[in-house]
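J.: Next one to model:
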Amino acid sequence: MKCQKTFDARTLSHDALEQLRKSAVKRVAAGESPEFVAAGLGINRRAIYRWLAAYHYGGEDALNAKPIPGAPPKLDAKQLAKLAKIVRDKDPRQLQFDYALWTLAMIREVIRRQFKVSLSEVSVGRLMKRLGFTPQRPLYRAWQQDAALVERWQTEDYPRIAARAKRERALIFFADESGVRSDHHAGTTWAPRGATPVVKATGARYGFNLLSAVSARGHFRFMVTEGRVTATVFRDFLARLIAGVPKKIFLIVDGHPTHKAKLVKQFVTAHADRLELFFLPPYAPQLNPDELAWAHLKHRLGRAPTQTKTELKQRAIAILRRLQKLPRIVAGFFHAPTCAYAAG
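T.: Next comes the predicted model:
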């Protein structure tokens, strides 16, 4: 689970960056706040303010991509588009490579095979950055994940749920569970080159579990529990979730057995006028925006060790309560690439 991150917009191709600039400025002109637009697009907020300033003084022309100086490229636009599609959509093993991850050497070989052009690895690296690619640590998906089910969920199942919610004036929430441990840490620290820093933390291991739910409108609800998340705990969370909410809630969760337990089904049936459960495709946590709420929490918790379980819990609750007061951040979770299908 990862928190919503910003990226350097300069790593995009010129055309993509031009469209991003113009789209962001139009959204602000239509009434959205710069901070919300920046969070939704995953860009640094300083970038959007630079674009707004350029537009203010130079109009839309100031947002246009600038010509790239230097010698003409060895690959034309059509070839670049084909290369980008290959790297984006193909597993290297489909092209008779032994390794599953794209390296500059492998991309260089693809260029040689496909276009009869020889480039150095340095040139290939610059080329890939111009195309909007960066070297990244891959996200590993469960091999059991069914791509067809994921596609159907995004294009058919969820739109059907959203249409029903609109007709019935129901609220759509996504829910998830997570655990917090004392030995988790995140972030980087400055240290002398070659000397790995040591983070001092308590040797005791302790933790607790949490449940939460988020909506595209920025609503965020959570509950802390000491033990495992059982059917009874999940039922209690459902009771808290619907308490005081005048509208029916459509709650989307994964297919964990706890969510389908008999006790839970009985509760949902007894409150059918206020609650209905829907289930994500198997092994597809990236479709759940609530995963980003936990990433948000763990990123902030992991930057400073705690000495006691009470201190850890107090810090976690403080972070989550603050998140409740930041609906634009919560709504921004729905603009992550894998969750954008649910942002509307």
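J.: pLDDT weak spots in the protein?
T.: For the chain, applying pLDDT under 70 flags the ranges 1-12, 67-73, 98-100, 136-144, 182-206, 302-306.
J.: Kindly report the domain assignment for it.
T.: Here the domain parsing of the chain from automatic domain parsing is 9-63, 77-130, 147-187+200-342.
J.: you'd agree Ala261 is up against Val229?
T.: No: contact criterion Cβ atoms under 8 Å: Ala261 and Val229 do not qualify, at 11.0 Å. Where you see a C-beta, it was placed from the backbone N, CA and C, and this is true even at glycine.
J.: So these two - more neighbours on which side?
T.: Val229 (19 against 16; other Cβ atoms under 10 Å).
J.: For that one, list the residues it contacts.
T.: By Cβ atoms under 8 Å, 6 or more residues apart in numbering, Val229 lies in contact with Glu177, Asn209, Leu211, Thr258.
J.: same check, this time on Ala272
T.: Counting by Cβ under 8 Å, 6+ apart, Ala272 has no contacts.
J.: Ala284 is in contact with Val150, correct?
T.: Yes: when contacts are counted by Cβ under 8 Å, Val150 is listed as touching Ala284 (5.3 Å).
J.: Tell me where the stretch 201-344 of the chain has helices.
T.: Secondary structure of the stretch 201-344 of the chain by DSSP state H, counting those that start in this stretch: the helices cover 231-242, 262-270, 290-301, 309-324, 327-333.
J.: Export the ones you listed to TSV and append columns for distance to Arg181 and mean neighbour count.
T.: Output for the helices of the stretch 201-344 of the chain, formatted as TSV (distance: least, Cβ to Cβ, whole Å; neighbours: other Cβ atoms under 10 Å):
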stretch	distance to Arg181	mean neighbour count
helix 231-242	18	18
helix 262-270	26	14
helix 290-301	9	23
helix 309-324	9	15
helix 327-333	22	21
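J.: Need the ones you listed in JSON lines (columns: distance to Arg164).
T.: Formatted as JSON lines, the helices of the stretch 201-344 of the chain follow (distance: least, Cβ to Cβ, whole Å):
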{"stretch": "helix 231-242", "distance to Arg164": "18"}
{"stretch": "helix 262-270", "distance to Arg164": "16"}
{"stretch": "helix 290-301", "distance to Arg164": "20"}
{"stretch": "helix 309-324", "distance to Arg164": "27"}
{"stretch": "helix 327-333", "distance to Arg164": "21"}
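J.: Ala29: which of the ones you listed is closest?
T.: Closest approach to Ala29 among the helices of the stretch 201-344 of the chain (Cβ to Cβ): helix 327-333, 17.9 Å.
J.: Can you list the neighbours in contact with the closest one?
T.: Helix 327-333 is contacted by residues 4, 33, 35-36, 39-40, 214-220, 289-290, 292-293, 296, 323, 339, 343 when judged by Cβ under 8 Å, 6+ apart.
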